[in-house]
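In: Pasting the sequence and the predicted model now:
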Amino acid sequence: MRRSERHHLKENAFAVAIAGLREQLQGAGPALGAAAAIAVVALILFGGYSWWSDRATSEAGSLLASALVVADAPVVPPPPPAEPVPTAEATVGPDGEPIPPVVEPPQPPFVQPDGTYPTRAAKITDALPKLLEAADAYPETPSGLTARYRAATGLAALGRHDESADQYLQVIAHDDAGVYTRMATLGLADVELARGGYDAAISLLEESTGPAAAEDLPVDGVLMRLGHAYAVAGRSDDARATFQRVLDDFPQSVYFANAERELETLQAQG
């Protein structure tokens with residue numbers, strides 16, 4: 001069904017509801033006058049909110065789509081500089097006449113293809129204003145949350161850790177314990193590790209290995225990050241116990257071999 005048809009049906013349903021309410025209240029007497037007025041106002045407000053919600057969702061989606069055109073653009077780096085071709089010496093043919101050297105034509109200058117970026121950093125830098133525009137305009141919509149999460153990951157990739165942490169915290173504040181809250185918590189833990197906040201990172205990762213988090217996150221993957229955080233923080237015993245948990249609780253995990261290697265390294269260190 002086309003979008004215009006859906007809106008038309010919504011408008012018709014709202015009109016039918018108003019008309020039906022009027023018919024039910026006709027002849028009920030003045031005692032119900034106030035209740036009738038309140039009910040009509042409530043229906044009008046509900047209809048207005050539905051219209052605004054649909055419009056906000058649509059506009060947020062459009063802003064996000066525009067931002068993702070840049071954020072997901074291909075990276076095509078320029079080729080490395082051509083090595084200089086040594087000058088060939090002229091040779092002499094059988095008839096004693098000199099043969100001129102073969103000179104390779106110069107390579108044409110590189111032209112960045114349309115819709116691509118030379119580096120990931122350049123792409124992220126260009127996408128950030130668009131992502132933040134979508135996030136700030138509609139912060140509580142799914143599209144707005146997606147935009148803010150992508151902006152946070154982009155800022156982290158650029159090494160702008162304080163700004164990234166702020167965006168992750170805003171995702172958590174607006175998501176109301178949804179899946180983006182879980183993902184933003186992991187992102188925030190990585191940021192804390194990057195800026196030396198080992199205790200804060202460990203706390204966030206420990207929180208993300210509980211039963212509630214298991215509904216949205218691969219716990220074995222989170223445990224690997226937690227084990228790494230313990231190791232970086234100098235808590236070798238906790239790191240060993242965490243990697244051992246991956247081996248014991250997730251024998252089919254894609255991280256099994258990595259956990260074995262990490263555990264062997266820690267045991268060799270004593």
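Out: Perfect, I can see it now.

In: just for the protein, where's the confidence low?
Out: Where the chain drops to pLDDT under 70, the residues are 1-56, 82-90, 92-93, 96, 101-104.

In: Domain parsing of it, as residue ranges.
Out: Per automatic domain parsing, the domain ranges recorded for the chain read 122-213, 218-270.

In: can I get those in JSON lines with distance to residue 97?
Out: To be clear about C-beta, it is placed using only N, CA and C from the backbone, and glycine gets the same treatment. Compiled in JSON lines, the domains of the chain are given as follows (distance: least, Cβ to Cβ, whole Å):
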{"stretch": "domain 122-213", "distance to residue 97": "54"}
{"stretch": "domain 218-270", "distance to residue 97": "68"}
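
In: For residue 94, find the nearest of the ones you listed.
Out: For these, the distance to residue 94 is smallest for domain 122-213, at 56.3 Å, taking Cβ to Cβ.

In: if we can go back for a sec, as a markdown table, the domains of the chain with mean neighbour count would be great.
Out: A markdown table is the format used below for the domains of the chain (neighbours: other Cβ atoms under 10 Å):
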| stretch | mean neighbour count |
| --- | --- |
| domain 122-213 | 19 |
| domain 218-270 | 17 |
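
In: Which stretches in this structure count as helices?
Out: 3-25, 33-71, 120-137, 142-157, 161-175, 179-194, 198-207, 219-232, 236-249, 256-269 (DSSP state H).

In: out of those helices, nearest to residue 114?
Out: Set against residue 114 and scored by Cβ to Cβ, the helices of the chain come closest in helix 33-71, at 12.0 Å.

In: returning to what we had before: could I get the helices of the chain as TSV with distance to residue 91?
Out: Putting those into TSV (distance: least, Cβ to Cβ, whole Å) gives the following:
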stretch	distance to residue 91
helix 3-25	74
helix 33-71	54
helix 120-137	47
helix 142-157	54
helix 161-175	62
helix 179-194	60
helix 198-207	68
helix 219-232	62
helix 236-249	66
helix 256-269	58
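
In: Quick one: closest of those helices to residue 110.
Out: If we rank the helices of the chain by Cβ to Cβ, the stretch that ends up nearest is helix 120-137, at 14.7 Å.

In: returning to what we had before: can you tell which of the helices of the chain is closest to residue 80?
Out: Proximity to residue 80 (Cβ to Cβ) singles out helix 120-137 among the helices of the chain, at 17.5 Å.

In: In terms of secondary structure, what does that closest one contact?
Out: Counting by 3 or more Cβ pairs under 8 Å, 6 or more residues apart in numbering; DSSP states H and E, the packing neighbours recorded for helix 120-137 are helix 33-71, helix 142-157.

In: Send me it as PDB with only the CA atoms.
Out: Output of helix 120-137 as PDB, limited to C-alpha atoms (Å, rounded to 0.1, in the frame of the first residue of the first chain):
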ATOM      1  CA  ARG A 120      38.300   6.300   5.800                       C
ATOM      2  CA  ALA A 121      39.100   9.400   8.000                       C
ATOM      3  CA  ALA A 122      38.000  11.700   5.200                       C
ATOM      4  CA  LYS A 123      34.800   9.900   4.700                       C
ATOM      5  CA  ILE A 124      34.000   9.900   8.400                       C
ATOM      6  CA  THR A 125      34.800  13.600   8.700                       C
ATOM      7  CA  ASP A 126      32.400  14.400   5.900                       C
ATOM      8  CA  ALA A 127      29.700  12.200   7.300                       C
ATOM      9  CA  LEU A 128      29.700  13.500  10.900                       C
ATOM     10  CA  PRO A 129      27.800  16.700  10.400                       C
ATOM     11  CA  LYS A 130      25.000  14.900   8.500                       C
ATOM     12  CA  LEU A 131      24.800  12.100  11.100                       C
ATOM     13  CA  LEU A 132      24.700  14.600  14.000                       C
ATOM     14  CA  GLU A 133      22.000  16.700  12.200                       C
ATOM     15  CA  ALA A 134      19.800  13.600  12.000                       C
ATOM     16  CA  ALA A 135      20.500  12.700  15.600                       C
ATOM     17  CA  ASP A 136      19.900  16.100  17.000                       C
ATOM     18  CA  ALA A 137      16.700  16.700  15.000                       C
END
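
In: That's all I had, so thanks and see you.
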